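Student: Just need the structure, nothing else, for what follows:
(chains A and B)
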2 protein chains.
Amino acid sequence: MAGERVTSNDVARLAGVSQSAVSRYYSTGNLVSTKAGEKIKQAAEQLGYRPNVLARSLITGRSRMIGLVVAYLENYFYPEVVERLSKALQDQGYHVLVFISSPASVVENVDQITQEILDYQVDGIVLASATMSSELAARCHAHGVPIVLFNRLQDDPRLSTVTSDNHGGGRKLAELLVSLGHERFGYIAGYEGASTQRDREAGFREGLEASGHRLFAREVGNFRYDEAQAAARRMFTGPERPDAVFVCNDHMAFAVMDVLRYELGLRIPDDVSVVGFDDVPPARWPAYSLTTFRQDVDDMVAETLRTLMESVNGAGGVPRRVVLDGFLVQRATTRRAPTSAT
Amino acid sequence: MAGERVTSNDVARLAGVSQSAVSRYYSTGNLVSTKAGEKIKQAAEQLGYRPNVLARSLITGRSRMIGLVVAYLENYFYPEVVERLSKALQDQGYHVLVFISSPASVVENVDQITQEILDYQVDGIVLASATMSSELAARCHAHGVPIVLFNRLQDDPRLSTVTSDNHGGGRKLAELLVSLGHERFGYIAGYEGASTQRDREAGFREGLEASGHRLFAREVGNFRYDEAQAAARRMFTGPERPDAVFVCNDHMAFAVMDVLRYELGLRIPDDVSVVGFDDVPPARWPAYSLTTFRQDVDDMVAETLRTLMESVNGAGGVPRRVVLDGFLVQRATTRRAPTSAT
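Tutor: So this is what the prediction gives:
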């Protein structure tokens, strides 16, 4: 390729200052006189000089990169997370190094991927939608690399986590469906290894049981559109079908709605109420207009960043476990309440 | 934070080899005996040693990072791009450093963001859905950092580009709608500064004119869901409305369909045919089942990678301009053909 790298010596020569002044200017920002700084800045612009961030990071021990592991970009909750987390980090002078782990083999992949992330000397790691072995948590801890689990709980007390209230959300959805007079409750589960799946289901069951009800049917959709379609076919083609179904996330709920309407000819909500979890953008589109439990991506990203930056800056030694409130969004896939629901 | 960094000296001591052997092992892979290599590997695992990628990259001049600039993650074409490009790069030992530019001020942002990317010493840049000033192209060129424009054309001959056949796709959609017997053709444009928008519209107009037709109505949706809704309202509430509409991408086509069906009570395709561009996953969902022109993300990512890696490895000095075929996917939003369409 064309072009030679412009060095700090070139800048020093043009600016008429010493190389060490240029070096000081870029490593500390202001340990040179204003006049010298101005000359250096002009010379650098003229030559197209860029201070070597990598070299600087070797000295400061900071790469100004955060590793982000995501698994399910086909679930439209996660593109929002990637975008907002990246933007928020950019505002603080950090950037996101993305690692995609495949949903099929989350556990094994994350081990390998995290090792790769560590090799890049990232200042911190955000694990979104992935589990992580205790061994690796220990390794990251030993290397002083802070980790935040995004919407994923783990028992290891050394790990910080930021989740929405998955258990409370599941419970509120059960209470809503009960208040609407439903009697046969279906549940379509996500990937069984995920804490979001476990917590949402536990909350939903608890909410049903609190009013003397119980689950009528259960299938697994693994957070995938096609598997959720198959789950809906199994659940709704028998002689007795649920009159309400909680689908563990919106992405799968769209698949379930499409099967109910366009394959089985059922009306939503007249024949069956459908509720989801997340409130991704298509849930607001009139084609779906889905009643769901909203996770606030902005709040979750802000808390993740706060937790991460406290650790990166050495302020927070104690892992944080943040659980954020979400709220019910009632749209057109659930019946109107016979009496006003709380 | 806890933990001390394990050094190559620690590994050498435990493995019973020299520090330079450890260094050689990690910088070249195999310039030590198999037996010594095995000892080093075991010692490194036991101690949790990671070779310092940053230090190595200073020596080799490779950061093994590719900067990716994306603007529109709310258009579900781009999460697929991010995911597949990241995965493909991971397979080659590279990783993606993400930079989000906001759609509202694409041009200014990209200048600033590209400077930031250069500061990270990336080995290459993929600009997806963003324009770029000639000055910056020159700067990257001078620094020897290869750039590939992803689905975005620019006149600067120094820039490699990978696009799908936006012009040909627009033309084929016009030919399809003409063949179905339509007579009043609407077009809802994307962001006017984008080459995808310009090329798709030019192809569509050309296709209409080739059979003696012309555009009946035109509105701008700026690639945004809400602006596309407003555009559809303006286009379809007058006394005379189009009987077919090409919406410049699928994301906006969903918004247009939702307005036609749920606000204006029009039937698709009985009252109006709708076609889009991209073939994002929701286009296949039965709620939309959208006729569209498919851009093959896998092919586009593969060509982007090939172009980039040739430049990174110094093989390709000449910029490449790759235009990939796409194809029509006819689904339920267009009438059946009166005679068989080609």
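Student: In the stretch 101-250 of chain A, what residue comes closest to chain B?
Tutor: A:G144 (3.7 Å; CB to the nearest CB). Every residue, glycine included, has its C-beta placed from N, CA and C.
Student: Local confidence estimate at the residue most central in space within chain A?
Tutor: Closest residue to the average C-alpha location of chain A: A:A128 at 4.5 Å, with CA atoms, centre = their mean. Model confidence at A:A128, given as pLDDT, is 84.
Student: ok, now A:T131?
Tutor: For A:T131, pLDDT reads 57.
Student: Is A:P157 in contact with A:V318, as I believe?
Tutor: No: with contact defined as CB atoms under 8 Å, A:P157 does not reach A:V318; the gap is 9.6 Å.
Student: Contact partners for the nearest residue to A:F77 once chain neighbours are set aside?
Tutor: Leaving aside its sequence neighbours, A:F77 sits nearest to A:D278 (CB to CB, 6 or more residues apart in numbering or on different chains; 4.8 Å). For A:D278, the contact set (CB atoms under 8 Å, 6 or more residues apart in numbering or on different chains) comprises A:75, A:77, A:249-251, A:292-295.
Student: Look up the closest residue to A:Y76, ignoring the ones flanking it.
Tutor: A:V280 (4.2 Å).
Student: hang on, that neighbour packs against A:A253?
Tutor: No: assessed by CB under 8 Å, A:V280 is found out of contact with A:A253, at 9.6 Å.
Student: of those two, who's got more company?
Tutor: Applying other CB atoms under 10 Å in any protein chain shown to A:V280 and A:A253 shows that A:A253 carries more neighbours, namely 30 against 26.
Student: check which helix or strand covers the more buried one.
Tutor: helix A:250-262 (DSSP states H and E).
Student: Any buried residues in that helix, and which?
Tutor: The neighbour-count check on helix A:250-262 (16 or more other CB atoms under 10 Å in any protein chain shown) flags A:250-261 as buried.
Student: so which of those residues comes closest to B:K39?
Tutor: A:H251 (48.5 Å; CB to CB).
Student: Now for the closest one: which residues touch it?
Tutor: A:74-77, A:223, A:225, A:228, A:278, A:280.
Student: mind listing what the residue nearest to the centre of chain A touches?
Tutor: Applying CB under 8 Å, 6+ apart, the residues near A:A128 are A:68-71, A:78, A:81, A:150-152.
Student: from those residues, which are also near chain B?
Tutor: A:Y78 (CB under 8 Å from any CB of the partner chain).
Student: of the contacts of A:A128, the lowest pLDDT goes to which?
Tutor: A:A71 (77).
Student: That one contacts A:I100, doesn't it?
Tutor: Yes: taking contacts as CB under 8 Å, A:A71 lies within contact range of A:I100: 7.2 Å.
Student: Would you mind giving the contacts of A:A128 as CSV with secondary structure added?
Tutor: CSV is the format used below for the contacts of A:A128 (DSSP: H, G, I helix; E, B strand; the rest coil):
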residue, secondary structure
A:L68, strand
A:V69, strand
A:V70, strand
A:A71, coil
A:Y78, helix
A:V81, helix
A:F150, strand
A:N151, coil
A:R152, coil
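Student: re earlier: not counting residues beside it along the chain, what's closest to the residue nearest to the centre of chain A?
Tutor: Nearest one to A:A128, counting by CB to CB, 6+ apart, is A:F150 at 4.0 Å.
Student: could you list every residue that touches the one you found?
Tutor: Contacts of A:F150 (CB under 8 Å, 6+ apart): A:81, A:126-129, A:161-163, A:300, A:304.
Student: Of those - the most surrounded one?
Tutor: A:L127 (30 neighbours).
Student: what about the residue of the stretch 101-250 of chain A closest to chain B, distance to A:V162?
Tutor: 20 Å (CB to CB, to the nearest Å).
Student: Likewise for A:R62?
Tutor: 22 Å.
Student: mind listing what A:S195 touches?
Tutor: Neighbours of A:S195 in contact, by CB under 8 Å, 6+ apart: A:152-154, A:163, A:166.
Student: can you pull out the helices in the stretch 51-200 of chain A?
Tutor: Along the stretch 51-200 of chain A, counting by DSSP state H, counting those that start in this stretch, helices occupy A:53-60, A:77-91, A:106-119, A:134-142, A:166-179, A:195-210.
Student: which one of the contacts of A:F150 sits closest to B:V17?
Tutor: A:L127 (34.9 Å).
Student: close enough to count as contact, the closest one and A:I147?
Tutor: Yes: between A:L127 and A:I147 a contact is recorded at 6.4 Å, counting by CB under 8 Å.
Student: for the nearest residue in space to A:A287 that is not next to it in sequence, helix, strand, or coil?
Tutor: Counting by CB to CB, 6+ apart, B:A287 is the residue found nearest to A:A287 once chain neighbours are left out, at 4.4 Å. Following three-state DSSP, we place B:A287 in the coil state.
Student: Same check on A:Y49?
Tutor: A:Y49 ends up coil, using three-state DSSP.
Student: Count the residues that sit near it.
Tutor: Neighbours of A:Y49 (other CB under 10 Å): 22.
Student: residues in contact with A:A202?
Tutor: A:167, A:170.
Student: which stretches of chain A have low pLDDT?
Tutor: Low-confidence segments of chain A, defined by pLDDT under 70, span residues A:1-5, A:27-31, A:50-61, A:102-111, A:129-139, A:141, A:315-317, A:338-342.
Student: Walk me through the domains of it.
Tutor: A:8-51, A:65-165+A:297-325, A:166-294 (automatic domain parsing).
Student: about what we covered before: ok, so of the contacts of A:A128, who is nearest B:D10?
Tutor: A:V69 (27.9 Å).
Student: That closest one bridge partners, please.
Tutor: A:F99, A:L127 (DSSP bridges).
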